[in-house]
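Visitor: need the 3D shape of this:
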Amino acid sequence: MFVYTSSAESKIFRMAEKEDNVFYPTYEELSDLPGYIQHIEDTYSAHEFGVIKIIPPEGWNPRPGGYNEEEINNILIERPLEQSIFGTNGYYQISATPLTAMTVGELRAKSIPTPTNKDGTPISHEDLEGRFWRDINTNRSTKPIYEVDVPLTMIDESVQVW
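Guide: This next block holds a predicted model:
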């Protein structure tokens with residue numbers, strides 16, 4: 001495991017078996033998201049990774065006013081993509097097929113219910129992500145749909161840091 005720290009408060013980059021390309025900005029770094037992204041691209045060549053994960057500092061809340069389900073369901077996803085994965089033995093090719101625009105509510109209607117534990121409680125995000133990747137490798141009939149270019153739609157306008 002490699003951990004780079006720019007200051008005592010900030011874990012900037014961690015490379016570990018299950019957390020490649022994960023970045024941990026401070027509140028100060030997060031207040032200029034485009035600048036932070038430029039920094040990690042310049043410093044770590046993050047743009048060459050394909051996909052990175054930015055985890056906000058503990059306590060950061062994207063929606064201090066809470067979530068209004070109707071409002072969120074009406075958010076328009078202008079360019080949803082359906083992903084198909086082909087290949088075996090660690091060599092995969094991914095194709096993305098553009099779909100017609102849809103709302104978050106319409107996407108939810110197409111979604112598979114979140115799996116639960118035996119006691120009915122939702123599984124952890126880590127377990128859900130693991131199931132997603134296992135399913136990609138074993139059940140090719142499942143084609144994930146995801147959105148692109150829906151900037152900051154889940155963040156309240158009052159949030160100044162992001």
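Visitor: hmm, Ser84 and Ile94 touching each other?
Guide: Yes: shown here, Ile94 and Ser84 form a contact pair, counting by C-beta atoms under 8 Å, at 7.2 Å. Just so you know, the C-beta spots here come from the backbone N, C-alpha and C atoms, and that holds for glycine as well.
Visitor: neighbour count: these two, which is higher?
Guide: Per other C-beta atoms under 10 Å, whichever of Ile94 and Ser84 has more neighbours is Ser84, with 13 against 10.
Visitor: pLDDT wise, what is the nearest residue to that one once chain neighbours are set aside at?
Guide: The shortest distance from Ser84 to any non-neighbouring residue, by C-beta to C-beta, 6 or more residues apart in numbering, is to Ser95 (4.9 Å). If you check Ser95, the pLDDT there is 84.
Visitor: element containing Ser95, please.
Guide: strand 91-98 (DSSP states H and E).
Visitor: direction included, what does the next helix or strand after that strand pair against?
Guide: Downstream of strand 91-98, the next assigned helix or strand under DSSP H and E is strand 102-103. Strand pairing for strand 102-103, using DSSP bridges, gives strand 76-77 (antiparallel).
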